[in-house]
Structure formats: C-alpha cells, structure tokens
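Trainee: Give me the fold of what follows.
(one chain, ligands or ions: 2)
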Amino acid sequence: REESEINELEQKKLEMANVNPDEIDSFAKFPLSKYTLLGLKHNGFTVPTKVQRQTLVYSLRGMDVVGAAKTGSGKTLAFIIPLLENLYVKKWSSVDGLGALIITPTRELAYQIFEVLKNVGKSHDFSAGLIIGGKDLKYEWNLISGCNILICTPGRLLHHMLENPDFSCEYVQMLVLDEADQCLSMGFAETMNCILEELPEDRQTMLFSATQTRDVKDLIRAGCKNPVFCSVHEFSK
Ligand code: ADP
Ligand code: MG
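Mentor: Residues are numbered from 1 along each chain as shown. Ligands and ions are numbered 1, 2, ... in the order given. I've put the predicted structure just below:
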C-alpha cells in the first residue's frame, strides 16, 4: 500500500468540493484507489449512475449521506465504493477487524450486496461475511470472526452483539442502512435501537432507500450527523 497514493487520493477528495457531480461521466474521474477502479472495470461498470455521482462526491469525503433513488438505480455501488475507499485510506487492513457494517432488511438483499462487494472489492485486501442466520448457523460464528466488512440482517446482528463474546463493533468506522426506511420501520424498531446503541458514535453513516428518509427522529436514531440529502427523481437517469 503506497503512502503517496493515499496522500494523492486525500488531496483529490478535498478538491471534489468544487466539482459538479453531473459532470462526472466516468468512475475514473473520482479519486478512487486503483483496486476499486480495477474492480469496477472488471465488472463492466464505467459510468456512474445519478445516485452514485450525487452521493459519492460527499460520501468519499467521509460525510454522512441520505440517498433516495428508485429500485434499480444503483444504490448498492453508491455505498460499496465509499465503504471500500474509506477503509482503504484509513489504512484498514485485514488484521484490523470489523470496520464497516451494512444492515439490510432481508437475507436476499444481503446475498445480493455480498455478491457486489465480493466482485467489486476483489482486488482489495479486506474480508467480508454475512450475518443473516439460516441453515448454516453453526458456521456463522467462525466465519464472521475477523471479517472487515459484515452484511447483516438486524435480528441476527443483534443476536451476535448480545451472545457472541468474540464479536465486537468497537472499531466500526462506517454504517450503511440499505432500504433504510424498512430498517428503521416499526417492525425493526426495538432491534435497531439496541444495535445503534452498541455502535461507536464517531463513524460515518449512510442511509439508502427508494424513498427519502426525512423524519428527523429516524435520522437522529440512525446517528446521522448533518447528512447530505440526495434525491434522484423517477424521470432522471
Ligand atoms: P438499487 O439498489 O438502487 O435497486 P442496484 O444497486 O441493485 O440498484 O443496481 C441495479 C442494477 O444496476 C444492477 O444490475 C447493477 O449491476 C446495475 N448497475 C449499478 N450501477 C451501475 C453502473 N454504474 N453502470 C452500469 N450498471 C450499473
Ligand atoms: Mg438496493
């Protein structure tokens, strides 16, 4: 890992404050590490979608974002990219333990996110795992130990927080709520409150969903700090 590359990325991130997101017509124009650029390229991703352009200019600088865009607009990469990049510039390495959590309401969504993370993050030196319960429960406890990035459903995550003595969120740097409205809805309220209480306050929080989470109570609950709101409407691409 090259110090000079990281310094250069940091410098370019600061310059992004003056960039119009809609003029960013390729991922290569973002200050991304060669590892992420390689992962994107290998998977055929060259041009960022609107929600990706609009949120990356902030999330790559470590800011909290609340992104709303309809299903199919590319929200997964909008959080996978800053997650990989921000761990990378923090010089997170495979031995540093859990650095980022992605919470999503269903196991199916967790699997989909895992696939994207695995493919796009392939050249990075991070490990990732799933905490979603199910058939192979007996393996879960071994598999998640030492993971740098975990994709979880709320109930199963809380289970580990409460029951697994080897599980620690003490150093979590980033939290993503995918389908944030569902994660924060009544059904998960108690579980999410317990989870959020266990997480370090000094972290980056990103909320993504199809509709805008604007309820201040929800944003406070989720621990958002002066989030940037990005809303992409139906008719724009
Ligand atoms: P959402 O979470 O907003 O519903 P997804 O992240 O699941 O959307 O992405 C929807 C589809 O768009 C996926 O098949 C994904 O591979 C594709 N996609 C995402 N970003 C891009 C991009 N920048 N260029 C081309 N295809 C993309
Ligand atoms: Mg999605």
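Trainee: Without its sequence neighbours, what residue ends up closest to residue 19?
Mentor: Nearest residue to residue 19, sequence neighbours excluded (Cβ to Cβ, 6 or more residues apart in numbering): residue 57, at 6.1 Å. (Each C-beta comes from the backbone N, C-alpha and C, glycine too.)
Trainee: tell me which element the one you found falls in.
Mentor: Applying DSSP states H and E as the criterion places residue 57 in helix 50-59.
Trainee: same check, this time on residue 229
Mentor: Element membership for residue 229 (DSSP H and E) is strand 228-231.
Trainee: touching ligand 1 at all, that strand?
Mentor: No - counting by Cβ under 6 Å from any ligand atom, ligand 1 is not contacted by strand 228-231; separation bottoms out at 12.4 Å.
Trainee: Show me the shaky parts of the chain.
Mentor: Along the chain, segments meeting pLDDT under 70 span 1, 136-139, 142, 234-237.
Trainee: which residues of it fall in strands?
Mentor: For the chain, the strands identified by DSSP state E occupy 65-68, 100-103, 128-131, 149-152, 174-178, 204-209, 228-231, in order along the chain.
Trainee: now for those strands, which one comes closest to residue 18?
Mentor: strand 228-231 (15.4 Å; Cβ to Cβ).
Trainee: list the buried ones in that closest one?
Mentor: If you call a residue buried by 16 or more other Cβ atoms under 10 Å, then strand 228-231 has these buried ones: 228-230.
Trainee: And residue 88, how close does it get to residue 115?
Mentor: Distance check for residue 88 against residue 115: by Cβ to Cβ, to the nearest Å, it reads 20 Å.
Trainee: Who are the contact partners of the closest residue to residue 17 other than its chain neighbours?
Mentor: Counting by Cβ to Cβ, 6+ apart, residue 61 is the residue found nearest to residue 17 once chain neighbours are left out, at 7.4 Å. For residue 61, the contacting residues are 13-14, 16-17, by Cβ atoms under 8 Å, 6 or more residues apart in numbering.
Trainee: Most neighbours of all these, which one?
Mentor: For these, the largest neighbour count, defined by other Cβ atoms under 10 Å, is 19 neighbours, found at residue 13.
Trainee: got a list of what it touches?
Mentor: In this structure, residue 13 makes contact with 31, 60-61, judged by Cβ under 8 Å, 6+ apart.
Trainee: about what we covered before: higher neighbour count, residue 88 and residue 115?
Mentor: When neighbours are counted by other Cβ under 10 Å, residue 88 comes out ahead of the other of residue 88 and residue 115, with 22 against 11.
Trainee: Could you find the closest non-adjacent residue to the more buried one?
Mentor: Using Cβ to Cβ, 6+ apart and skipping the chain neighbours, the partner closest in space to residue 88 is residue 33 (5.2 Å).
Trainee: residues in contact with the one you found?
Mentor: 5, 9, 84-85, 88-89, 124.
Trainee: How about the residues of this protein by ligand 1?
Mentor: For the chain, the residues in contact with ligand 1 under the definition Cβ under 6 Å from any ligand atom are 45, 47-49, 52, 69, 71-77.
Trainee: at 5 Å what do you get?
Mentor: Applying Cβ under 5 Å from any ligand atom, one finds that the chain approaches ligand 1 through 45, 49, 71-77.
Trainee: Since that was my last question, I'll sign off now.
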